[in-house]
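A.B. asks: after the sequence you'll find the predicted model.
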Amino acid sequence: MHSSTVFEGKSKSFNKMQKGHSPPLPSTPRLRHRRRSKSLEEFPDPSKLNGGNLLVNDHNKYRSMWIRTYSSLWMLGGIILIVYLGHLYICATVVVIQILMAAELFHLRRRVHEDKRLPGFWLINWYFFFTAMLYVYGRILSQHLVNAITSDKFFYKLVNGLIKYHMVICYFLYIAGMMWFILTLKKKMYTYQFGQYAWTHMILIVVFTQSSFTVANIFEGIFWFIFPASLIAINDVAAYFFGFFFGKTPLIKLSPKKTWEGFIGGSFATVLSAFLLASFLSQFQWMTCPRKDLSTGWLRCDPAPIFKLEYYSFPKWLPQSFPWKGISVLPVQWHALCLGLFASIIAPFGGFFASGLKRAFKIKDFGDSIPGHGGFTDRMDCQMVMAIFAYIYFQSFVLPPTNSVEMILDQIVRNLGFEEQERLYMMLGQIFKEQHFAYP
């Protein structure tokens, strides 16, 4: 009787251990693999879902499509209004968008607990941002600012001095920010603080610097702003609808809803639209004329050679029955094909980069400012890549290589003081008088 009671007690204790009170088993590769498989990322692998994340299989796709459509129409109307208002209003809009993008990205790395222990530390992020803004836009708009105040001698000398020492001023502003950051360092907070410092500089390099080239494009002519931006929008819309109706093959794991059908269809639509859109926009002087100052008046100018029709004859080996002997094309349309190829093949990788960043932070969108689209960073990821390419392409293949009057004037303003500029003016006047008498 006693032995059976002991046996039952041992059996109960064994069963109790079996239910969860047993000591932990040693970790093995197989157990570690099982644990990892239970803690998958929020974003599933589309290849394992047999296309479950694709738009063609999304039951709410029509609702999301209409939300995106309404938001896109509102944005389109706002862009048309701003373009009509002119260069300065477009530049102001770009600056506002940059600030909103920076706010979204700064927010990603914020931690409430750490920020409570570091009151005012977030101001350092914005200090570096506005210092970078002063440096970049000072370099881009210096000549336009000089042209805007040439009538006032005092302001002309003041602005000329600021331009001359602009780099030194920005450098010491940056050094002051670095000293401010060092003085705020606290024990046990070093990792967070240096992480914020590195994150801020990543935003300045990857986001702000690239998007700032948009302003440089604007003053070369609104065409060089609105045309590249339109190509990105066209590619985005075309790829969305091709993927919406025909998408079956996942393109990249970083963006589960992107498909090869959408990518290829969007590319063809973008290149074709680029050729036609360039011809349409070239008809308007408001689009093609460069702005040399900061005024807001209506622009009129003689169109540049790339905006004038040229006739191209077809090869002579074509049969005589062929109805056309040649075609008239604007030279800018050939450039448009190159920009269209970049916008459809290379620029989307800016979006893939943003998708990878969102996966790293385990978020769906950078913000919710634009219904159906996410935040401003979600809409501008490809635009940043396109803006810097459009600037480099214009400077390398479109801008005439010869020294223009504006380029020489820019060198004079940057390198000569006011007295030296007056002396140069008098010398040029004397040269003109001598030439007038020599060649009446």
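C.D. replies: Right, received. Where do you want to start?
A.B. asks: what ranges do the strands span in the stretch 251-400 of the chain?
C.D. replies: Secondary structure of the stretch 251-400 of the chain (DSSP state E, counting those that start in this stretch): strands located at 255-259, 310-313, 326-329.
A.B. asks: mean neighbour count for these - can I get that in a markdown table?
C.D. replies: C-beta: built from backbone N, CA, C; applies to glycine. Output for the strands of the stretch 251-400 of the chain, formatted as a markdown table (neighbours: other Cβ atoms under 10 Å):
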| stretch | mean neighbour count |
| --- | --- |
| strand 255-259 | 23 |
| strand 310-313 | 10 |
| strand 326-329 | 11 |
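A.B. asks: and of those strands, who's closest to Glu420?
C.D. replies: For these, proximity to Glu420 was assessed by Cβ to Cβ; strand 310-313 is nearest, at 43.4 Å.
A.B. asks: name every strand pairing with that closest one and say which way it goes.
C.D. replies: When pairs are called by DSSP bridges, strand 310-313 turns out to pair with strand 326-329 (antiparallel).
A.B. asks: about what we covered before: which one of the strands of the stretch 251-400 of the chain lies closest to Leu299?
C.D. replies: Between the strands of the stretch 251-400 of the chain, strand 310-313 lies closest to Leu299; by Cβ to Cβ that is 23.7 Å.
A.B. asks: on that earlier part again, any chance of the strands of the stretch 251-400 of the chain in a markdown table, with mean pLDDT and distance to Leu145 too?
C.D. replies: Converted to a markdown table, these look like this (pLDDT from 0 to 100; distance: least, Cβ to Cβ, whole Å):
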| stretch | mean pLDDT | distance to Leu145 |
| --- | --- | --- |
| strand 255-259 | 85 | 42 |
| strand 310-313 | 90 | 36 |
| strand 326-329 | 91 | 38 |
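A.B. asks: need those strands in JSON lines with distance to Asp302, can you?
C.D. replies: Output for those, formatted as JSON lines (distance: least, Cβ to Cβ, whole Å):
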{"stretch": "strand 255-259", "distance to Asp302": "44"}
{"stretch": "strand 310-313", "distance to Asp302": "16"}
{"stretch": "strand 326-329", "distance to Asp302": "19"}
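A.B. asks: can you say which of these is nearest to Leu105?
C.D. replies: Distance to Leu105, taken as Cβ to Cβ, is lowest for strand 255-259 among these, at 18.9 Å.
A.B. asks: using PDB, write out the CA atom coordinates for the closest one.
C.D. replies: What follows is strand 255-259 as a C-alpha-only set of coordinates in PDB (Å, rounded to 0.1, in the frame of the first residue of the first chain):
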ATOM      1  CA  SER A 255       8.500  45.300 -52.500                       C
ATOM      2  CA  PRO A 256       6.100  42.300 -52.500                       C
ATOM      3  CA  LYS A 257       3.500  44.100 -54.700                       C
ATOM      4  CA  LYS A 258       5.900  45.000 -57.400                       C
ATOM      5  CA  THR A 259       5.800  42.700 -60.500                       C
END
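A.B. asks: parallel or antiparallel, list what pairs with that strand.
C.D. replies: Sheet partners assigned to strand 255-259 using DSSP bridges are listed as strand 250-252 (antiparallel).
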